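In: Structure for this input, please:
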Amino acid sequence: MTLATVEAARLSIKDIEPLLFFAFAGLTCVSAWAVVVSSNIVRMSVYLLLTLGGAAGLYFVLSAEFLAAVQLIVYAGGTMILIVFGVMLTSKNPFAQLAAKTWEVVAGGFIGVAIAAILILALVNTPLPPRQIVPAADVQHLGRSLLTDFLVPFEVAAVLLLLVMIGAAYMARRRVRG
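Out: Predicted structure coming up:
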């Protein structure tokens with residue numbers, strides 16, 4: 001085997017980007033559908049985690065590493081922790097089954113098809129700019145402004161989330177004793 005054949009056989013990241021995109025898009029769509037059709041709330045939260053992780057994977061493929069990291073840390077991490085604590089601490093039966101009524105399924109299907117049609121119409125009619133990679137200076141500027149100009153709102157949001165978790169734990173504990 002010559003060096004030229006080895007180089008020709010080696011896949012570059014540009015060659016597998018479309019495959020990765022469709023893999024993450026498929027994971028996101030299938031797991032989002034599973035959230036909708038599942039009746040077990042714990043399974044719903046696991047499917048939601050897969051959906052948020054698939055969206056982060058899409059951001060990575062599209063060279064938006066900062067958005068992907070924020071997606072994983074804030075949404076996949078924080079939201080899932082809140083959901084798990086909320087379900088496990090406040091629910092009498094965390095493995096409760098949820099059953100939708102027929103009219104709810106029909107209404108949800110109609111709304112889903114309408115939203116999908118609007119999104120497809122917007123996608124087809126929107127011209128896409130050439131792909132640009134975000135310079136590191138913009139991310140550094142965002143980090144500096146988050147920790148200087150917007151430090152107070154950032155900390156207020158953190159304290160608010162902490163209070164919500166403490167309140168959920170207190171309410172669950174009080175319900176168990178009562």
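
In: Downstream of the worst-scoring helix or strand of the chain on mean pLDDT, the next helix or strand is which one?
Out: Between all helices and strands in the chain, the lowest mean by mean pLDDT, DSSP states H and E belongs to helix 3-9, at a mean of 56. As assigned by DSSP states H and E, the chain's next helix or strand after helix 3-9 is helix 13-37.

In: Can you tell me which helices and strands that next one packs against?
Out: Taking 3 or more CB pairs under 8 Å, 6 or more residues apart in numbering; DSSP states H and E as the contact definition, the neighbouring helices and strands of helix 13-37 are helix 41-61. Backbone N, C-alpha and C define where each C-beta goes, glycine included.

In: so the helix it packs on versus helix 13-37, what angle?
Out: Orientation of helix 41-61 against helix 13-37 (axes from the mean of the first three to the mean of the last three CA atoms, to 10 degrees) gives an angle of 160 degrees.

In: buried ones in whatever helix or strand comes next after helix 41-61?
Out: Proceeding C-terminally, helix 41-61 gives way to helix 65-70 as the next helix or strand, assigned by DSSP H and E. Residues L67, A68 are the ones in helix 65-70 that count as buried (16 or more other CB atoms under 10 Å).

In: So, low pLDDT: which residues of this protein?
Out: 1-13, 86-98, 131-137, 172-178 (pLDDT under 70).

In: okay, which residue is most central for it?
Out: With distances taken as CA atoms, centre = their mean, L52 lies nearest the centre of the chain, 2.2 Å away.

In: these two touch, right, that one and T79?
Out: Yes. Counting by CB atoms under 8 Å, T79 is a contact partner of L52 at 7.0 Å.

In: domains for this protein, by residue range?
Out: If the domains of the chain are taken from automatic domain parsing, they occupy 14-124, 132-178, with pieces of a single domain joined by a plus sign.

In: which one's the longest helix in the chain?
Out: helix 151-177 (DSSP state H).

In: The nearest residue to M80 once chain neighbours are set aside: neighbour count?
Out: Counting by CB to CB, 6 or more residues apart in numbering, the nearest residue to M80 once its immediate chain neighbours are dropped is L49, at 5.1 Å. By the measure other CB atoms under 10 Å, the count of residues near L49 is 19.
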